[in-house]
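Q: Everything below, folded, please.
(one chain, ligands or ions: 1)
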Amino acid sequence: MNYAVIYSSRTGNTRLLAETVRESMAEGNCVYFGETSGIDDQVLREAQLVFVGFWTDKGSCDASAAEVLKKMDYKDVFLFGTAGFGGAPAYFDQILSRAEKNLPSTARIAGTYMCQGKMPVAVRERYMKMKEEGNASAQIDSMIENFDRAMSHPDQQDMEKLKETVHESLQKQSE
Ligand SMILES: Cc1cc2nc3c(=O)[nH]c(=O)nc-3n(C[C@H](O)[C@H](O)[C@H](O)COP(=O)(O)O)c2cc1C
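A: Numbers count the residues shown, from 1 in each chain. Now for the predicted structure:
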């Protein structure tokens, strides 16, 4: 089956996932691998299975991934993404379901995957400044803890889990 891997990545986390998706698929059937900005209608015509990768912005997929998702008429879509906040699977589910709302009703979801992704150091500095300015709260401490946990992601384990999820999804599709 022809497939495409289309992703949006501001700081590189989601690109790492996209590369892992490509590595776990047969190269010969890849009609496109690259950023959301590079796709055209021809690419979309040729691919039956489309892997769409996003980074999380305001609790949903980023705007350019949303635009791609809207074009997925009659496609099998594997949706994957990274988010700064991790730890609670329900949070990832919420992001995914918001992202899925961009899909046309004729699209079929082949699989989904999300993991945490590191954030720019400026974010931590902002938290620290808030603390220094007297806004110390348990919430800021937990945001700093989350930031530090995110620093190592996506990691090797995230990539292995992604590969497994891709293979399981393909298996289900062929049944
Ligand atoms: C403007 C902006 C908004 C963000 N909003 C969220 C958010 O609502 N929830 C979240 O979990 N992470 C949020 N993040 C963190 C990113 O989604 C996360 O670091 C992601 O892994 C970045 O992916 P990329 O490296 O592929 O760009 C935001 C980051 C930026 C820069």
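Q: any chance you could map the helices in this protein?
A: 13-23, 41-46, 63-69, 89-100, 121-130, 138-150, 156-174 (DSSP state H).
Q: looking at those, which one has the lowest mean pLDDT?
A: Out of the helices of the chain, the stretch the model trusts least by mean pLDDT is helix 41-46, with a mean of 89.
Q: Against which helices or strands is it packed?
A: Helices and strands touching helix 41-46, as assessed by 3 or more C-beta pairs under 8 Å, 6 or more residues apart in numbering; DSSP states H and E, comprise strand 3-7, strand 30-35. Just so you know, the C-beta spots here come from the backbone N, C-alpha and C atoms, and that holds for glycine as well.
Q: For the protein, what lies in contact range of the ligand?
A: Contact residues, the chain versus the ligand (C-beta under 6 Å from any ligand atom): 9-14, 55-59, 82-85, 117, 119.
Q: Which neighbouring residues are in contact with the residue of the chain found nearest the ligand, exactly?
A: The nearest approach of the chain to the ligand comes at Gly117, 2.1 Å away (C-beta to the nearest ligand atom). Gly117 sits next to Thr11, Asn13, Thr14, Trp55, Thr82, Ala83, Gly84, Ala150, His153, Pro154 when contact means C-beta atoms under 8 Å, 6 or more residues apart in numbering.
Q: what does Thr36 give?
A: Thr36 neighbours (C-beta under 8 Å, 6+ apart): Ile6, Tyr7, Ser8, Ser64, Ala65, Glu67, Val68.
Q: What count of nearby residues applies to the second one?
A: If I follow you right, that is Tyr7. 26 (other C-beta atoms under 10 Å).
Q: For the residue nearest to it when sequence neighbours are not counted, give the beta-bridge partners.
A: Closest residue in space to Tyr7, ignoring its immediate chain neighbours: Gly53 at 3.2 Å, by C-beta to C-beta, 6 or more residues apart in numbering. Beta bridges link Gly53 to Tyr7, Phe80 when assigned by DSSP bridges.
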